[in-house]
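**Q** Provide a 3D model corresponding to the input given below.
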Amino acid sequence: VQLQASGGGLVQAGGSLRLACAASGLTLSYYAIGWFRQAPGKEREGVSCMSQSGGTTHYADSVKGRFTISRDNVKNTVYLQMNSLKPEDTGVYFCAVESRWGSSCPIEYEYWGQGTQVTVSS
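**A** Predicted coordinates for the structure are as follows:
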């Protein structure tokens, strides 16, 4: 199983980026998905998650209204559209998948991607 994240980069505050996470070795439609980030010197935090059906999503308060999680089960890829970026969004972004879904974001994830760097300049 491999999750390959891409789409990170350097962007000015107010700009946008679209992260992608291509999955191989598994059927994405069977998995809930999550995006996380880790800023320098800080713990990893959950950004967003989506159920297997795509019908339920959750977002961290810090990104609500600016970020959108989505999935394309045909392409076996998940996305994170990030708009109105702020310097505090800087960090390494990770995708993850989990086969179990309750009523909210999974506590643990089975598989993780390698991360992609997002840097937002002021």
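
**Q** alpha carbons only for contacts and neighbour counts from here, please
**A** Fine.

**Q** Could you pull out the strands in this structure for me?
**A** When assigned using DSSP state E, the strands of the chain occupy the ranges 2-6, 9-12, 17-24, 32-38, 45-50, 57-59, 67-72, 77-82, 91-98, 111-112, 116-121.

**Q** which outside residues touch the last one?
**A** Going back to what we said before, that points to strand 116-121. With C-alpha atoms under 8 Å, 6 or more residues apart in numbering as the test, strand 116-121 has contacts from 5-13, 85-94.

**Q** contacting residues for the residue nearest the centre of the chain?
**A** Closest to where the C-alpha atoms of the chain average out (C-alpha atoms, centre = their mean) is residue 35, at 2.5 Å. Contacts of residue 35 were listed using C-alpha under 8 Å, 6+ apart, and they are 46-49, 80, 93-96.

**Q** do the same with residue 14
**A** 83-86.

**Q** tell me which of those is nearest to residue 1?
**A** Distances from residue 1 to these, taken as C-alpha to C-alpha, are shortest for residue 83 (29.7 Å).

**Q** I'd guessed the closest one sits against residue 12; true?
**A** No: shown here, residue 83 and residue 12 do not form a contact pair, counting by C-alpha atoms under 8 Å, at 11.0 Å.

**Q** Between those two, tell me which one has more neighbours.
**A** Taking neighbours as other C-alpha atoms under 10 Å, residue 83 and residue 12 compare with residue 83 leading, 17 against 14.

**Q** and the residue lying closest to that one once chain neighbours are set aside, what does it touch?
**A** Counting by C-alpha to C-alpha, 6 or more residues apart in numbering, residue 16 is the residue found nearest to residue 83 once chain neighbours are left out, at 4.4 Å. With contact taken as C-alpha under 8 Å, 6+ apart, residue 16 is in contact with 81-85.
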